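1. Okay, predicted coordinates and the sequence, questions at the end:
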Amino acid sequence: MKYLNALNKIPGMGPQRMKILLKNFPDSHSAWKIDLDDLKKYFSGEKLAEKFFLKKKKINPDEEWEKLTKENIRVISLKDPLYPALLKEISNPPYLLYYKGNLDFQNLPTLAIVGSRKFTSYGAQVAQTFGKKLARLGMAIVSGMALGIDSFAHRGALESQGKTIAVLGNSLDEKNLYPKNNVNLAHLILSQEGTLISEYPPETSAGPLTFPARNRIIAGLSQGVLVVEAGEKSGALITARMALDYNREVFSIPGPIFSEQSIGTNSLIKSGAKTVCGINDILEELNLKTEKEKKPLPVPDTQEEKLILKSFSGEPLHIDKIISLTRLQPTIVSGALTVMEMKGWIKNIGGQNYIII
């Protein structure tokens, strides 16, 4: 595995070229020792072979392996029995898969929840609620740990102590975790027995080309892809298209026709994606057991809590709107909201907007 990792460090190698090279050698050590003349046989173009050979000479397999050990990153190859079976089915699976955490999600149904980095309070509520409810029912939630919808999906799964898998467009060493604003989320995922996955060796930064490549892994790991919010050119739509190519189910959340963040999701529905208005729409399509019981409504302990709960109708409410509807003093509403959030009844989704959970 040490020499496979070293080969993977050669810029431009990629899974297809890795397969070509390894097909002609009995083991990875022999492939690593390849000379320039043999490289020219397997890769079209003398300049490409020379480029690979020069870059290979600068790589020390032992030093590269030590980086994995230091960062507690594990790696498996396409031939390893632990390699996710669903991912093997796609047309161009990563030859090497790096991960932190464990790969114990393979016996669970998997769903990707993806969407735009720009989001509305509606999108945030949907992503977090679906992530939470589906994870509670035993589904592993896959996403890309990007800001926005991805983050809400992961956090929803974590709230229910469920399984979530973050697929990254960068390496898993601490220095290159991206986005930086989600480093704490990455740590939280690992602390709750989740998984971080990447096809990139240490010291690989995120870039314009790594995210589309990352999206194919998200789609490949999942039985279906749920797009919550997506602009007209959102990367989430790339994931959805890849899911279709891999014969996976594509689900979409309908949104307001005047919302830029719903252009992509509404377009998916017009193109044949399954319209989702509740988690049972997903469970039924994937032939999974549907939600058997609804969460009981909270029983208020005070008149103020009763009035606040009564003011909710399914949409996020700003604190000013709650004050207006309940006609309570701002300080009383603020204090009651804090207590109710501690009880796990409501959640501040940002900007003092609250939802019932």
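-> Happy to help now that I have it. Numbers count the residues shown, from 1 in each chain.

2. In the helix or strand that Ala240 is a member of, which of the residues would be classed as buried?
-> Take DSSP states H and E as the rule and Ala240 turns out to sit in helix 235-245. Neighbour-count burial for helix 235-245 flags 235-244 (criterion: 16 or more other Cβ atoms under 10 Å). Heads up, the C-betas are built off the backbone N, CA and C, glycines and all.

3. Which of the residues you listed sits closest to Phe312?
-> Nearest to Phe312 among those is Ala236, at 28.3 Å by Cβ to Cβ.

4. so that closest one makes contact with Arg117?
-> No: under the criterion of Cβ atoms under 8 Å, Ala236 is not in contact with Arg117, lying 9.5 Å apart.

5. overlap in contacts of these two?
-> The contact sets of Ala236 and Arg117 overlap at Ile149 (Cβ atoms under 8 Å, 6 or more residues apart in numbering).

6. Would you mind pulling up the elements that the helix or strand of the chain with the lowest mean pLDDT packs against?
-> Every helix and strand in the chain was compared by mean pLDDT, DSSP states H and E; the lowest is helix 36-42, with a mean of 80. The contact analysis (3 or more Cβ pairs under 8 Å, 6 or more residues apart in numbering; DSSP states H and E) places helix 36-42 against helix 46-57.

7. after the helix it packs on, next one along is what?
-> That would be, after helix 46-57 and using DSSP H and E, helix 61-70.

8. ok now the helix or strand just after that next one, how far from the chain's centre?
-> Next helix or strand after helix 61-70 toward the C-terminus (DSSP H and E): strand 74-77. Centroid separation for strand 74-77 versus its chain: 19 Å, with Cα atoms, centre = their mean, to the nearest Å.

9. Please point out which parts of strand 74-77 sit buried.
-> Result for strand 74-77 [16+ other Cβ under 10 Å]: buried residues 74-77.

10. what sits up against the helix holding Ala240?
-> 91, 112, 114-116, 149, 211-212, 215-216, 218-220, 222, 224-225, 227-230, 249-250, 252, 264, 267-268, 273.

11. who's the residue nearest the centre of the chain bridged to?
-> With distances taken as Cα atoms, centre = their mean, Ser143 lies nearest the centre of the chain, 1.4 Å away. Beta-bridge pairing of Ser143 under DSSP bridges involves Ala166.

12. Which pLDDT value does the model give it?
-> For Ser143, the pLDDT comes out at 98.

13. Under the pLDDT cut-off, which ranges of the stretch 51-200 of the chain? List them.
-> Applying pLDDT under 70 to the stretch 51-200 of the chain flags no residue at all.
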